[in-house]
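Undergrad: Just a sequence and a predicted model for now, questions to come.
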Amino acid sequence: MNVLHISTNDTNGGAARATYRLHKSLRNLGVNSQMLVQEKYSNDNTVFAPKIRLFQGIARAKLTFEALPLKLYRQREQTTFSLQWLPDKVLPQVTQIAPDIINLHWVSGGFMQIETITKLQRPLVWTLHDMWAFTGGCHTSGDCDRYKASCGACPILSSNKDWDLTRWVWQRKAKAWKNLNLTIVSPSSWLAKCASSSSLFQNLRTEVIPNGLDTQIYRPINQPTARELLNLPQDKQLILFGAIQATSDKRKGFHLLQPALRELSKAGWKDRLEIVIFGASQPENPPDLAFKTHYLGHLYDDLTLATVYSAGNVMVVPSLQEAFGQTASESLACGTPVVAFNATGLKDIVDHQENGYLAKPFEVDDLAKGIAWVLENHQRYQKLSDYAREQAKQKFSIETITHRYLSLFKDIYGK
């Protein structure tokens with residue numbers, strides 16, 4: 001069976017890394033798996049992208065033109081919003097590769113026009129990494145559920161008109177995809193429920209398969225060694241926080257972490273804790289987090305990330321919405337408990353008071369309480385850490401996840 005994964009890139013970002021792990025694992029099982037991307041960051045010769053730098057430059061320039069219609073909405077929220085209306089060169093490349101089945105992943109960023117998907121003429125599996133596939137353009141909908149109907153009057157665009165840009169995007173999707181041979185894969189129960197309640201995907205087969213990871217790479221590393229490698233203190237308990245644009249993407253909850261840390265400082269933890277932030281460099285005017293803070297910048301390779309998780313005592317993932325929450329599963333695999341809100345995709349990863357703590361959504365007091373609860377008792381902490389590692393191996397091992405995907409591919413292709 002020839003499997004083709006289509007993704008905007010191969011290793012830059014959580015969705016891309018999850019896709020690339022699956023691709024490599026399928027090849028390890030003897031499956032002829034390939035990836036088609038807009039931008040290639042790896043040296044893998046089974047990942048295909050435009051070879052001419054001019055084409056890559058054009059792809060980046062497309063983003064500017066893609067966003068032009070959004071300028072009509074001057075009061076819109078500054079969040080990721082994709083229209084996917086410009087032509088692309090995907091179809092000839094897919095035809096040349098000639099796959100038996102196509103696994104779509106995160107294909108926004110101007111990579112694939114909505115109408116291209118219906119022209120692929122192959123059985124399709126779409127692995128959701130956010131909500132874009134079934135909305136009128138947003139990637140996270142917040143409290144809005146207008147995707148259950150036909151979008152329009154979009155709160156993200158600050159629009160009060162039913163016929164707005166989101167209705168146009170929704171109608172293009174509904175028209176183009178109405179007869180697709182399409183199966184949905186969601187990494188979390190929450191996102192699967194959202195997709196199944198959407199007007200676009202409500203009648204489609206939907207499976208829940210978590211994102212996998214290599215538990216031989218994401219494993220506990222001796223903590224003093226990890227801290228020495230990263231030049232972090234040996235005599236403090238370290239709180240980890242990280243994501244792409246960790247401190248600027250509101251969806252990641254940095255604005256909720258800040259007051260929680262101030263509460264911990266007031267509660268007597270001032271001289272015992274320090275903060276480690278990855279996914280962002282130290283800003284010119286760093287915010288006051290009430291504790292000494294170490295900024296590690298952007299990290300791209302798995303081994304460095306595993307070292308960071310192993311260096312910490314607790315990973316805090318205070319996100320407002322997560323399709324899955326890959327930093328949480330990676331941290332657990334390294335034996336580091338996770339504190340998060342009891343909401344969205346993270347509910348599938350963190351078992352309350354077994355491998356971490358699920359705080360009441362989105363209560364800062366309980367987030368601070370959860371961090372303290374994880375750290376304050378050494379014997380309990382060791383149990384949390386041991387259980388975190390064991391659960392991660394059972395639930396998120398890339399080998400287990402790949403076999404589930406392969407079984408799904410065979411079932412769909414056989415039909």
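TA: Structure received.

Undergrad: Ends of stretch 359-368, what's the gap?
TA: Taking CA to CA, to the nearest Å, the span from the opening residue of stretch 359-368 to its closing residue is 9 Å.

Undergrad: Show me the contact partners of it.
TA: By CB atoms under 8 Å, 6 or more residues apart in numbering, the list of residues contacting stretch 359-368 from outside reads 253, 256-257, 259-261, 263-264, 267, 316, 318, 320, 339-343, 369-370. To be clear about C-beta, it is placed using only N, CA and C from the backbone, and glycine gets the same treatment.

Undergrad: those helices in this protein, which residues are they?
TA: All helices of the chain, identified by DSSP state H, fall at 14-28, 53-66, 90-97, 114-117, 165-177, 189-196, 223-230, 254-264, 302-311, 326-333, 364-375, 378-396, 398-414.

Undergrad: which other helices and strands contact the third one?
TA: Spelled out, that is helix 90-97. strand 2-9, strand 32-39 (3 or more CB pairs under 8 Å, 6 or more residues apart in numbering; DSSP states H and E).

Undergrad: which ones are touching the residue lying closest to K119 once chain neighbours are set aside?
TA: Spatial nearest neighbour of K119, chain neighbours left out: L91 (5.5 Å); criterion: CB to CB, 6 or more residues apart in numbering. With contact taken as CB under 8 Å, 6+ apart, L91 is in contact with T116, K119, L120.

Undergrad: Rebuild the helices and strands packed on helix 90-97 as a markdown table, extending it with mean neighbour count and mean pLDDT.
TA: Listed next are the helices and strands packed on helix 90-97 as a markdown table, based on neighbours: other CB atoms under 10 Å; pLDDT from 0 to 100:
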| stretch | mean neighbour count | mean pLDDT |
| --- | --- | --- |
| strand 2-9 | 23 | 96 |
| strand 32-39 | 22 | 96 |
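
Undergrad: Looking at the ones you listed, spot the one closest to L232.
TA: strand 2-9 (29.8 Å; CB to CB).

Undergrad: I'd like to know how far the nearest residue to R272 once chain neighbours are set aside sits from I371.
TA: Leaving aside its chain neighbours, R272 sits nearest to Q237 (5.8 Å; criterion: CB to CB, 6+ apart). According to CB to CB, to the nearest Å, Q237 and I371 sit 10 Å apart.

Undergrad: what's the overlap in contacts for those two?
TA: Overlap of the contact sets of Q237 and I371 (by CB under 8 Å, 6+ apart) consists of V314.

Undergrad: Compare these two and say which is more crowded by neighbours.
TA: Neighbours were counted for Q237 and for I371 using other CB atoms under 10 Å; I371 has more, 26 against 17.

Undergrad: residues touching the more buried one, list them.
TA: Applying CB under 8 Å, 6+ apart, one finds that I371 lies in contact with I239, A260, L264, V314, V316, V339, Y357.

Undergrad: Over to I184?
TA: With CB under 8 Å, 6+ apart as the criterion, the residues that contact I184 are V125, W126, L128, A133, A192, A195, F201, L204, R205, T206, E207.

Undergrad: change it to 7 Å
TA: I184 sits next to W126, L128, A195, F201, L204, R205, T206 when contact means CB atoms under 7 Å, 6 or more residues apart in numbering.

Undergrad: could you flag which of the residues you listed are buried?
TA: By neighbour count, with 16 or more other CB atoms under 10 Å, these hold W126, L128, A195, F201, L204, T206 as buried.

Undergrad: Per-residue pLDDT of the closest residue to the first one other than its chain neighbours, please?
TA: In space, W126 comes closest to L104 once its chain neighbours are excluded; the distance is 4.4 Å by CB to CB, 6+ apart. With respect to pLDDT, L104 has a value of 98.

Undergrad: From H352, how far out is L104?
TA: Relative to H352, L104 is positioned 33 Å away (criterion: CB to CB).

Undergrad: Between these two, which is the more surrounded one?
TA: Neighbours were counted for L104 and for H352 using other CB under 10 Å; L104 has more, 22 against 13.

Undergrad: Throw together a ChimeraX command that grabs the buried residues out of the contacts of L91.
TA: With 16+ other CB under 10 Å as the burial test, the buried ones among the contacts of L91 are selected in ChimeraX as follows:
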select :116,120
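
Undergrad: could the contacts of L91 go into JSON lines alongside distance to I6 and pLDDT?
TA: As requested, the contacts of L91 are exported to JSON lines (distance: CB to CB, whole Å; pLDDT from 0 to 100):
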{"residue": "T116", "distance to I6": "10", "pLDDT": "97"}
{"residue": "K119", "distance to I6": "13", "pLDDT": "96"}
{"residue": "L120", "distance to I6": "9", "pLDDT": "95"}
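
Undergrad: ok, V339 - contacts?
TA: Applying CB under 7 Å, 6+ apart, we find V339 in contact with V314, V316, G356, Y357, A359, L367, G370, I371, V374.

Undergrad: any idea how far S319 is from it?
TA: Plainly put, V339 is 12 Å away from S319 if you go by CB to CB.

Undergrad: who's the residue nearest to R272 bridged to?
TA: According to DSSP bridges, L273 are recorded as the beta-bridge partners of Q237.

Undergrad: Can you add distance to W85 and give the helices and strands packed on helix 90-97 back as JSON lines?
TA: Listed next are these as JSON lines, based on distance: least, CB to CB, whole Å:
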{"stretch": "strand 2-9", "distance to W85": "16"}
{"stretch": "strand 32-39", "distance to W85": "16"}
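
Undergrad: what's the closest of those strands to K415?
TA: The stretch from the helices and strands packed on helix 90-97 with the least distance to K415 (CB to CB) is strand 2-9; that distance is 16.0 Å.

Undergrad: contact partners of the closest one?
TA: Contacts with strand 2-9, where a contact means CB under 7 Å, 6+ apart, come from 16, 19, 23, 26, 31-41, 94, 97-109, 111, 409.

Undergrad: Need the buried ones from those residues selected in ChimeraX.
TA: Of the contacts of strand 2-9, the buried ones can be selected in ChimeraX as follows, counting by 16+ other CB under 10 Å:
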select :16,19,23,26,31,33,34,35,36,37,38,39,40,41,94,99,101,102,103,104,105,106,107,108,109,111,409
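
Undergrad: Give me the buried positions along stretch 226-238.
TA: Judged by neighbour count using 16+ other CB under 10 Å, the buried positions of stretch 226-238 are A226, R227, L230, L232, K236, Q237, L238.

Undergrad: Got phi/psi on the fifth one?
TA: So the one you mean is K236. Main-chain torsions, K236, degrees, to the nearest 10: phi -130, psi 160.
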